[in-house]
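Peer 1: sharing a sequence plus its predicted fold:
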Amino acid sequence: MVLIMIRDITIGQYYPTNSILHRLDPRVKLVGTLLFIISLFLFHSFLGYIAVTIFLFSIIKLSKVPFRYIVRGMKAIIILLLFTVFFNLFLTPGDLIFQWGIIKISKEGLISAGFMAIRLTYLILGSSLMTFTTTPNQLTDGLEKLLRPLRHIKVPVHEIAMMMSIALRFIPILLEETDKIMKAQMARGADFESGGIVKRAKSLIPLLVPLFVSAFRRANDLAMAMEARCYRGGDGRTKMKPLKYSGKDFIGYLILLVYLAAIISSRILENAIF
Amino acid sequence: MQIIFDHINYVYGSGTAYERHALKDINLQIQKGEFIGLIGHTGSGKSTLVQHMNGLVKATSGHIYFNGEDIYAPDYKLRDLRSKVGLVFQYPEHQLFETTVFKDVIFGPNNLGIDKLEAELRAYEALKMVGISDELLDASPFELSGGQKRRVAIAGVLAMKPEVLILDEPTAGLDPRGRDEILEQIKKLHEDSKITIILVTHSMEDIAIYADRIFVMNHGELVINQPTKEVFARYKELEQMQLAAPQVTYVMNALKENGIPVPTDVTTVMEARDEILKAFQNNK
């Protein structure tokens, strides 16, 4: 049901195995994913696509995540994909290569639709790979470390990272609570399923009020527990597992640089040729 | 009033890594007016079992009959079932949400479409039954003490006038006096209104005092289904299942072993006192 879906999106995505990608510092992966996404929109020619494809599929191979598991995540955007392809295919003006009544397909449309489809697919694949090989807590640690410099312009980096990891930690707990409250109210005859939009929205009150009360109570208890263990915020706070770069991370950055160079040069090349 | 479980099985997470056969071939019958205790180790399937009784959870296979009707029949109204089989969850005070105590208790009857006057009467009666005084009726449920909140939550279920009342650990987290009050109130309900009661608990002592019959769950199976005294006589088996007999039963067994002629099927302290006094008097 919806509850299981939410849990899967935030936690179930991680595929536990021991690949070189899993062992990379999360910062390398964050930077790499960002770079990859940008690169997808930096080029328009076949040369660029070849570079990107080679890069992506080598990464997939390195991750040791089974292909069918990766494909599962694609199912979610199938509709978006079809939509985009549809619009690009039928609504791009240019040299007509097919016509049937008022339905026109141009050469530009075909190429545009194809590229768009590939771009979207690679976008999802690339970012999914990051979540497949990095746990949510590693991600928040990586983000916290990367965004550290923002402290100097008063951005509460530590607090944001702490909020994110606490939120992630509490998702399964709150989901269970929701289930329990829902069942308790159903046992009193509550109906969450029938009726129009307004009725259904109202029927959520017996679910949301206790849930919020419970969440606030937990937050209060957690805050007291943290303070009782001397938590005072991020200043001077150390980590049990600090993020430290090692050899493979530098090689990772190097490969990313090479990739970037490849993309840029393919762009230069295509400008020169076309 | 009759509940029948016929070869009930419940499997969840089927096909995933979390697949679990929570209920295995459960067969049972509950008659009107019984006071049943449901015990079992944590994770044995007690909560899952009771959630099948009011149709909150649907069995993977098997049939459940309430008053002779198959509750999985396509036109069966589960809403009606839930008005007749009342289920009070553990820590029921977590389900309170309305602006006043009275409104929260009337939520149940309102959901059942009962007319306003009748609903208000029921809510008022239910609150009286659990001992909530009139001046609290307009208070916010969140202002009450833990014990009071719990009683309001129970009233919320009683207001639906169920034929069966299932209570999942109603004494969890209460102080000794709170526990006694709640249990006495349940017993009074049982005697006055002849409601069938199913009490899920970890306290062998409570079961010994109040229940006529005991269901013992072990790893998803209903392994024992017998009158109270007979179940506790099998205390060695219960221990294998991470359960026990009431403390006083062990005392009586120890006394017998040491030569004092007392019966060992004693399950409450009151009985023990009487039997021990009798044994000593006879020895004179």
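Peer 2: Sure thing, it's come through.

Peer 1: in chain A, what residue comes closest to chain B?
Peer 2: Closest approach of chain A to chain B (C-beta to the nearest C-beta) occurs at residue A:189, with a separation of 3.1 Å. (Each C-beta comes from the backbone N, C-alpha and C, glycine too.)

Peer 1: what kind of secondary structure is that residue in?
Peer 2: Under DSSP: H, G, I helix; E, B strand; the rest coil, residue A:189 falls in the coil class.

Peer 1: so who does the nearest residue to it once chain neighbours are set aside touch?
Peer 2: Excluding the flanking residues, the one nearest residue A:189 by C-beta to C-beta, 6 or more residues apart in numbering or on different chains is residue B:111, at 3.1 Å. By C-beta atoms under 8 Å, 6 or more residues apart in numbering or on different chains, the contact set of residue B:111 is A:188, A:189, A:190, A:191, B:79.

Peer 1: measure residue B:111 to residue B:82 for me?
Peer 2: 9 Å (C-beta to C-beta, to the nearest Å).

Peer 1: any common contacting residues for these two?
Peer 2: Listed as contacting both residue B:111 and residue B:82 by C-beta under 8 Å, 6+ apart are A:188, A:189.

Peer 1: please identify the helix or strand for the most centrally placed residue in chain B.
Peer 2: Nearest residue to the geometric centre of chain B (C-alpha atoms, centre = their mean): residue B:199, 1.8 Å. For residue B:199, the element it lies in under DSSP states H and E is strand B:196-200.

Peer 1: next helix or strand past that strand?
Peer 2: Sequence-wise, the next helix or strand downstream of strand B:196-200 (DSSP H and E) is helix B:204-210.

Peer 1: buried set for stretch A:233-249?
Peer 2: residue A:249 (16 or more other C-beta atoms under 10 Å in any protein chain shown).

Peer 1: and the residue of the stretch 151-284 of chain B found nearest chain A, what pLDDT?
Peer 2: Per C-beta to the nearest C-beta, residue B:156 is where the stretch 151-284 of chain B lies closest to chain A, at 6.1 Å. On pLDDT, residue B:156 comes in at 94.

Peer 1: what about the closest residue to chain A within chain B, distance to residue B:117?
Peer 2: When distances are taken as C-beta to the nearest C-beta, chain B reaches nearest to chain A at residue B:111, 3.1 Å away. Using C-beta to C-beta, we find residue B:111 at a distance of 17 Å from residue B:117.

Peer 1: repeat that for residue A:221.
Peer 2: In terms of C-beta to C-beta, residue A:221 sits 42 Å off from residue B:117.

Peer 1: closest to residue A:48 among the contacts of residue B:111?
Peer 2: residue A:191 (54.9 Å; C-beta to C-beta).

Peer 1: quick one: contacts for that closest one?
Peer 2: Counting by C-beta under 8 Å, 6+ apart, residue A:191 touches A:203, B:79, B:111.

Peer 1: tell me, how many residues neighbour residue A:106?
Peer 2: 19 (other C-beta atoms under 10 Å in any protein chain shown).

Peer 1: that one against residue A:90, yeah?
Peer 2: No - applying C-beta atoms under 8 Å, one finds residue A:106 not in contact with residue A:90, separated by 9.1 Å.

Peer 1: so who does residue B:10 touch?
Peer 2: Counting by C-beta under 8 Å, 6+ apart, residue B:10 makes contact with B:21, B:22, B:23, B:45, B:48, B:52, B:57, B:59, B:60.

Peer 1: list the residues that contact the nearest residue to residue A:244 once chain neighbours are set aside.
Peer 2: Closest residue to residue A:244 apart from its sequence neighbours, by C-beta to C-beta, 6+ apart: residue A:25 at 7.7 Å. Residues in contact with residue A:25 (C-beta under 8 Å, 6+ apart) are A:142, A:243, A:244, A:245, A:246, A:249, A:252.

Peer 1: which ones are touching the second one?
Peer 2: By that I understand residue A:243. With C-beta under 8 Å, 6+ apart, residue A:243 has these contacts: A:25, A:26, A:27, A:141, A:142, A:145.

Peer 1: adding secondary structure and distance to residue B:238, write the contacts of residue A:191 out as a markdown table.
Peer 2: Shown next, in a markdown table, are the contacts of residue A:191 (DSSP: H, G, I helix; E, B strand; the rest coil; distance: C-beta to C-beta, whole Å):
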| residue | secondary structure | distance to residue B:238 |
| --- | --- | --- |
| A:203 | helix | 43 |
| B:79 | helix | 38 |
| B:111 | helix | 40 |
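
Peer 1: which parts of the stretch 101-250 of chain A sit against chain B?
Peer 2: Proximity of the stretch 101-250 of chain A to chain B (C-beta under 8 Å from any C-beta of the partner chain) is limited to residues A:177, A:180-181, A:183-191, A:205-206, A:209-210, A:213-214.

Peer 1: buried subset of these, written for ChimeraX?
Peer 2: A single ChimeraX command selects the buried members of those (16+ other C-beta under 10 Å):
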select /A:177,180,181,183,184,185,186,187,188,189,190,206,209,210,213,214
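
Peer 1: of the residues of the stretch 101-250 of chain A next to chain B, which belong to helices?
Peer 2: Secondary structure defined by DSSP state H assigns A:177, A:180-181, A:183-186, A:205-206, A:209-210, A:213-214 of those to helices.

Peer 1: between those residues, which is nearest residue B:73?
Peer 2: residue A:186 (19.2 Å).

Peer 1: please name the nearest non-neighbouring residue to that closest one.
Peer 2: Counting by C-beta to C-beta, 6+ apart, residue B:56 is the residue found nearest to residue A:186 once chain neighbours are left out, at 6.0 Å.
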